[in-house]
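*Asks:* Sequence plus predicted model, see below.
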Amino acid sequence: QVQLVESGGGLVQTGDSLRLSCAVSGRTFSWNTMAWFRQAPGKEREFVAAIKWSGGSTRYADSVTGRFTISRDNAKNTVYLQMNNLKPEDTAVYYCASSIKISASIVTTGSAFGSWGQGTQVTVSS
């Protein structure tokens, strides 16, 4: 099992940028999928972005495509979420998650992810 620790959240204004980091420790596998999810107050948790640990293929939610970029640094065991042109509707707690599910496609459902971080708050003011 892996341990995940997020950092980088904060309070920003509309149009600003933030970079979230997720430090990964413990046993990882080349087929791991790392992802970011978010949950706003009163709303369901939703998928944001995912990346294959090996190969680096990515997938994004429609709402963030073109604004957010997920990446990983294998040497540092860290996953990043670069968020540009932030909007008030991006306000949420952002969670890093890890899945060991073997799949030809990138998994995006929360139930496929067995390890989760504690979350980091992102607040975008209008």
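*Replies:* The structure has been received and is ready for your questions.

*Asks:* Report the beta-bridge partners for the nearest residue to R27 once chain neighbours are set aside.
*Replies:* Nearest non-adjacent residue to R27, counting by C-beta to C-beta, 6 or more residues apart in numbering: V2, 6.5 Å away. To be clear about C-beta, it is placed using only N, CA and C from the backbone, and glycine gets the same treatment. Beta-bridge partners recorded for V2 (DSSP bridges): G26.

*Asks:* before we move on, what about C96?
*Replies:* With DSSP bridges as the rule, C96 is bridged to W36.

*Asks:* which residues of the protein fall in strands?
*Replies:* Per DSSP state E, the chain carries strands over the ranges 2-7, 10-13, 18-26, 33-39, 46-52, 58-60, 68-73, 78-83, 92-99, 115-116, 120-125.

*Asks:* what residues are up against the residue most central in space within the chain?
*Replies:* Closest residue to the average C-alpha location of the chain: W36 at 1.8 Å, with C-alpha atoms, centre = their mean. Contact partners of W36, counting by C-beta atoms under 8 Å, 6 or more residues apart in numbering, are L20, C22, V48, A49, A50, I70, V79, L81, Y94, Y95, C96, A97.

*Asks:* Count the neighbours of the residue lying closest to the last one once chain neighbours are set aside for me.
*Replies:* Just to be clear, that refers to A97. Among residues not flanking A97 along the chain, F113 sits closest, at 3.8 Å (C-beta to C-beta, 6+ apart). Applying other C-beta atoms under 10 Å, we find 23 residues neighbouring F113.

*Asks:* same thing with D90?
*Replies:* Neighbour count of D90, defined by other C-beta under 10 Å: 22.

*Asks:* I figured it hits A61, correct?
*Replies:* No - applying C-beta atoms under 8 Å, one finds D90 not in contact with A61, separated by 11.0 Å.
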